[in-house]
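In: 3D, please:
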Amino acid sequence: MSGLDPITPPEAIDLYLEHRRPEVAEKTLQNQQYRLARFREWTEEYDLENMNDLTGRKLHQYRTWRSDKIKRITLVNELRTLQKFLEFCASIDAVERGLREQVLIPTLEPGDEASDVELHTDRAEEILKYLKRFHYASRQHVIFALLWHTGIRLGTLQSMDVEDFDPDNRCIDVKHRPDGDTPLKNKDAAERSISVSKQYCEIIQDYIEHHRHPVTDDHGREPLITSEQGRLTATPIRRIVNRLTQPCHVGECPHDKDPDTCEYRHYENLANCPSSRSPHTIRRGSITHHLRKGAPQVVVEGRCNVSSDVLEKHYDERTDREKMEARREWLDDALHEEY
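Out: I've put the predicted structure just below:
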């Protein structure tokens with residue numbers, strides 16, 4: 001271990017994130033911060049206080065510790081981030097050079113990279129009916145309704161301003177505004193206008209008129225989704241979705257838990273409920289719902305800003321028979337006049 005400079009894991013992680021900040025998008029940095037937080041948690045649990053003491057055997061122990069808790073694809077992503085982190089650590093003499101090569105990445109089987117978690121149509125419709133009846137045009141109603149109806153990403157929802165909503169033409173303009181702290185994942189290529197049905201336009205209009213906090217953000221813009229402080233951030237949006245998708249919130253608990261005492265009902269623990277869902281699962285479910293309802297794939301790609309390859313690999317949860325039936329229906333409609 002000669003030549004190494006002592007440094008704690010939290011200090012090394014902070015240095016790494018600052019090193020990466022100018023190079024990557026904010027969302028990427030947040031993902032890396034989250035993944036390395038698990039590594040930090042392990043070092044605290046196993047009393048590893050100095051990065052100099054990290055070895056290949058200890059890295060194997062960490063991998064085993066994490067593999068018991070998460071899916072294979074999640075583990076792979078965490079270990080890939082750990083490799084980059086260890087490469088940086090070697091450059092500042094925090095670990096031995098070459099240690100990153102001792103992080104063994106599991107082999108992914110075909111299909112591992114595609115998550116099978118989605119919010120199903122019947123569940124989404126149940127939640128929407130509940131919101132319409134008991135929380136009409138509330139912030140949570142608009143958040144869930146927009147995510148489901150449009151299939152947009154969480155970051156896209158955050159980026160929307162009041163002026164982007166055009167009730168007369170029943171659409172929302174999606175704009176990439178990096179200078180206003182609301183960049184889109186695919187930047188200018190993600191800019192588009194999304195049509196909104198009459199029903200959802202009325203919900204948005206009523207929300208703006210009666211429930212939206214009339215605030216501006218730090219750039220003088222009027223965000224669509226707000227708190228009393230300004231534009232609503234990602235964490236509270238995720239927690240709103242986590243809570244709404246918990247079965248006991250709209251329905252009954254399938255896990256034999258008492259909602260009054262269940263630990264998953266606490267604000268900071270909502271995402272840990274086995275049945276709660278994230279905003280991204282709403283996007284996946286929405287895309288599959290659009291396809292099952294007969295929307296052409298090219299329409300869904302444009303509406304949801306997703307490439308055909310990514311759509312087929314990560315979002316389209318239809319069976320082969322369902323895809324065949326959709327093609328048959330389109331062919332019957334398109335070609336019936338030829339016979």
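In: under the pLDDT cut-off, which ranges of the chain? List them.
Out: The chain contains residues with pLDDT under 70 at 1-2, 27, 108-116, 317, 326-327, 329-339.
In: domains of it?
Out: Listed domain ranges for the chain are 9-102, 121-279 (source: automatic domain parsing).
In: where's the residue sitting nearest the centre point of the chain, which helix or strand?
Out: The centroid of the chain falls nearest to residue 280 when counting by Cα atoms, centre = their mean (4.1 Å). In this structure, residue 280 sits in helix 279-292 according to DSSP states H and E.
In: just the buried positions in the next helix-or-strand element following that helix, please.
Out: Note on helix 279-292: by DSSP H and E, the next helix or strand toward the C-terminus is helix 297-304. If you call a residue buried by 16 or more other Cβ atoms under 10 Å, then helix 297-304 has these buried ones: 297, 300-301, 303-304. For the C-beta atoms, the positions are set from N, CA and C on the backbone; glycine is no exception.
In: where exactly do the helices run in the stretch 1-150 of the chain?
Out: In the stretch 1-150 of the chain, the helices defined using DSSP state H, counting those that start in this stretch lie at 9-20, 26-45, 56-67, 72-91, 121-134, 139-150.
In: which one, of those, ends up nearest to residue 258?
Out: Among the helices of the stretch 1-150 of the chain, helix 121-134 comes nearest to residue 258, with 20.5 Å by Cβ to Cβ.
In: and the closest one with helix 279-292, angle?
Out: For helix 121-134 against helix 279-292, the angle by axes from the mean of the first three to the mean of the last three Cα atoms, to 10 degrees is 110 degrees.
In: list the buried residues in helix 121-134.
Out: 123-124, 127-128, 130-131.
In: what's the angle from that helix to helix 139-150?
Out: Per the same axes, to 10 degrees, the angle that helix 121-134 makes with helix 139-150 is 140 degrees.
In: other residues contacting helix 121-134?
Out: Contacts of helix 121-134 with the rest of the structure, by Cβ atoms under 8 Å, 6 or more residues apart in numbering, involve 138, 140-141, 144-145, 148, 244-245, 250-251, 282, 285-286, 289, 292.
In: related to what we said a few turns ago, mind putting the domains of the chain into TSV with distance to residue 325?
Out: TSV is the format used below for those (distance: least, Cβ to Cβ, whole Å):
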stretch	distance to residue 325
domain 9-102	29
domain 121-279	16
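In: gap between the two ends of stretch 211-220?
Out: End-to-end distance of stretch 211-220: 20 Å, with Cα to Cα, to the nearest Å as the criterion.
In: who's in contact with it?
Out: Stretch 211-220 is contacted by residues 137-139, 162, 179-181, 222-224, 226-231 when judged by Cβ under 8 Å, 6+ apart.
In: mind redoing it with 6 Å?
Out: The set of residues external to stretch 211-220 that reach it, using Cβ atoms under 6 Å, 6 or more residues apart in numbering, is 137-138, 180, 222-223, 226, 228, 230-231.
In: do the same with stretch 277-292
Out: For stretch 277-292, contacts defined as Cβ under 6 Å, 6+ apart pick out 117-119, 121, 147-148, 151, 154, 241, 245, 300, 304, 315-318.
In: among the residues you listed, which one sits closest to residue 31?
Out: residue 154 (12.7 Å).
In: burial check on that closest one, number of neighbours?
Out: Neighbour count of residue 154, defined by other Cβ atoms under 10 Å: 20.
In: how much space between it and residue 103?
Out: 30 Å (Cβ to Cβ, to the nearest Å).
In: and residue 190, by the same measure?
Out: Taking Cβ to Cβ as the measure, residue 190 falls 33 Å from residue 103.
In: please apply the same query to residue 139.
Out: Residue 139 is 42 Å from residue 103, where distance means Cβ to Cβ.
In: many thanks, we can stop here.
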